[in-house]
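Chemist: quick one, what's the 3D model for this:
(one chain, ligands or ions: 2)
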Amino acid sequence: APVELGGLLQEVVDQWRGKQSHDISLHLPEHEVWVRGDADRLKQVAHNLLSNAIKYSPQADRVDLTLRQDGQDVQFLVQDYGLGIPEEAKDKLFSKFYRVDNSDRRQIGGTGLGLSIVREIVEGHEGTVAFESEMGAGTTFTVTLQAYRVGTADNSIMILEDNDNLAKLIQVA
Ligand code: ATP
Ligand code: MG
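Modeler: Numbering: from 1, shown residues only. Ligands and ions are numbered 1, 2, ... in the order given. Model prediction:
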């Protein structure tokens, strides 16, 4: 089903607000961003990434969540200013039960399933998930999905067709 990601991310952020110490800033574009997918599963993706961003940034007080669209590509980024991910963990990070075993995070609990679920769901939506990280400075996870739309040549109009073949026009920036 068509899912509007701005509203979906807002809901996830609202669930976290007040329950933890970090300030979560949500940066949304002016226009709606539609993808085809399963809303509950996409919420799970955002939730797991936010959970990690908060949990693995004990020295920081904020997390940034950004949604953007460039043509057909829709991306959401979860950026933290925390512990970072060591180079040697990069190949295994999305594997089931894998956890980084560093002295800086031995006290932080988890099962090592969050990111394997993220990857499974994102790939189930024909998307990709990647990250960039610097030890001691922070990490940004980027989820890329395909927009549910047909663009015009100048990209100024999105045409969304729902299952009943009704067309809806939305102005993009
Ligand atoms: P779970 O999510 O199942 O409760 P978890 O958080 O340990 O447990 P994953 O979410 O799969 O498991 O993450 C795997 C490992 O990757 C974590 O143990 C952590 O060391 C590292 N990691 C994940 N996200 C971040 C992040 N934003 N910053 C630093 N390290 C991270
Ligand atoms: Mg996790």
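Chemist: residues from this structure in reach of ligand 1?
Modeler: 48, 52-53, 56, 80, 82-85, 93, 98-100, 105, 110-116, 139 (C-beta under 6 Å from any ligand atom). Quick note: C-beta positions are derived from backbone N, CA and C, even for glycine.
Chemist: and the residues you listed, which of them are in strands?
Modeler: D80, T139 (DSSP state E).
Chemist: can you turn the buried part of the residues of the chain next to ligand 1 into a PyMOL selection?
Modeler: Those of those that count as buried under 16 or more other C-beta atoms under 10 Å are selected in PyMOL with:
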select buried, resi 48+52+53+56+80+82+83+84+85+93+99+100+105+114+115+116+139
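Chemist: in helices, which of the residues of the chain next to ligand 1 appear?
Modeler: N48, N52, A53, G114, L115, S116 (DSSP state H).
Chemist: give me the nearest residue to the residue in the chain positioned nearest to ligand 2, chain neighbours excluded.
Modeler: Proximity of the chain to ligand 2 (C-beta to the ion) peaks at G114, 2.8 Å away. Closest residue in space to G114, ignoring its immediate chain neighbours: N48 at 4.1 Å, by C-beta to C-beta, 6 or more residues apart in numbering.
Chemist: quick one: residues contacting the one you found.
Modeler: G114, L115, I117, V118 (C-beta atoms under 8 Å, 6 or more residues apart in numbering).
Chemist: for S116, same thing?
Modeler: S116 neighbours (C-beta under 8 Å, 6+ apart): F94, S95, K96, F97, Y98.
Chemist: strands along the protein, start to end?
Modeler: Counting by DSSP E, the strands of the chain are 2-4, 23-27, 34-36, 62-70, 73-80, 128-134, 138-146, 150-151, 157-161, 167-171.
Chemist: show me what from this protein comes close to ligand 2.
Modeler: N52, G114 (C-beta under 5 Å from the ion).
Chemist: so where's the chain shaky on pLDDT?
Modeler: 149-173 (pLDDT under 70).
Chemist: try 50
Modeler: 150-157, 161-173 (pLDDT under 50).
Chemist: give me the number of residues near the nearest residue to T111 once chain neighbours are set aside?
Modeler: What sits nearest to T111 in space, not counting adjacent residues and going by C-beta to C-beta, 6+ apart, is F97, at 6.9 Å. F97 is flanked by 10 other residues according to other C-beta atoms under 10 Å.
Chemist: contact partners for F97?
Modeler: So F97 contacts T111, G112, L113, S116 (C-beta under 8 Å, 6+ apart).
Chemist: redo the contacts of S116 as JSON lines? Include distance to V35.
Modeler: JSON lines is the format used below for the contacts of S116 (distance: C-beta to C-beta, whole Å):
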{"residue": "F94", "distance to V35": "21"}
{"residue": "S95", "distance to V35": "26"}
{"residue": "K96", "distance to V35": "26"}
{"residue": "F97", "distance to V35": "29"}
{"residue": "Y98", "distance to V35": "28"}
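Chemist: cool, thanks, talk later.
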